[in-house]
Each structure stands twice: as C-alpha cells, then as structure tokens.
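> Coordinates for the following, if possible.
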Amino acid sequence: MVEHYGRYAFDNAKFIILNFALGGGYPNGVNKIKKPYFGISQSTVDTIKAGQAKVLVDWVLVTKKAN
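This is a model prediction of the structure:
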C-alpha cells in the first residue's frame, strides 16, 4: 500500500507542546505578589529550583478550528 499511495500521515511521530506558563496577571490578581516574579512567590521559585515542583496532566483535548 505504501508503495502505491505513499506514506500515511500518521506513520511518523507527532508531538504536542504544552505551555505551562506560571505567574502573570491572573495569579497576581489573587495573590498580589510582584516579586521575585509577577504573581509567583519566592517559595514557589525555590520549589521549582529545587526540582520539587510537578505538573500532572490528566488529559489533553485537541480540537481543530473551523474554517
């Protein structure tokens, strides 16, 4: 089949890049923290630097924009 139709679109690895942005306007609006980073406390920065922070992803929904 591959010889006749070519490679199938899913015959190679696909990757999803997830942006786990931290800080910013929303957390700052709640916690009012401005330093060391806007919306992020020093204890959070210390936890991340120590390699003790985790982000657990249960599932990801992928959708396609309507044309």
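> Now stretch 29-42: buried residues?
I33, Y37, G39, I40 (16 or more other CB atoms under 10 Å). From N, CA and C alone the C-beta is placed, and that goes for glycine too.
> Go ahead and confirm the first one touches G39.
Put plainly, it is I33. Yes - assessed by CB atoms under 8 Å, I33 is found in contact with G39 at 5.8 Å.
> Give me the common contacts of the two.
Each of P27 lies in contact with both I33 and G39 under the rule CB atoms under 8 Å, 6 or more residues apart in numbering.
> Show me what the helix or strand of the chain with the lowest mean pLDDT is packed up against.
Ranking every helix and strand in the chain by mean pLDDT, DSSP states H and E puts helix 2-5 at the bottom, with a mean of 79. Contact partners of helix 2-5 among helices and strands, from 3 or more CB pairs under 8 Å, 6 or more residues apart in numbering; DSSP states H and E: none.
> what's the pLDDT at Q52?
Confidence at Q52, expressed as pLDDT, is 97.
> Run a quick neighbour tally on it.
8 (other CB atoms under 10 Å).
> gap between it and S43?
Look at Q52 and S43: by CB to CB, to the nearest Å, they are 11 Å apart.
> Tell me which stretches of the chain form helices.
2-5, 25-31, 42-49 (DSSP state H).
> Which one, of these, ends up nearest to N12?
helix 2-5 (12.5 Å; CB to CB).
> Compute the distance from the centre of the closest one to the centre of its chain.
37 Å (CA atoms, centre = their mean, to the nearest Å).
> CA atoms only for that helix, dumped as CSV, please.
Output of helix 2-5 as CSV, limited to C-alpha atoms (Å, rounded to 0.1, in the frame of the first residue of the first chain):
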residue,chain,number,x,y,z
VAL,A,2,2.8,2.4,0.9
GLU,A,3,4.4,1.9,-2.5
HIS,A,4,1.1,2.7,-4.2
TYR,A,5,-0.4,5.5,-2.0
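> Contacts for it, please.
Y8, D11.
> cool, and stretch 12-24?
Y37, F38, G39, I40, T44, I48, V55, V57, V60, V62.
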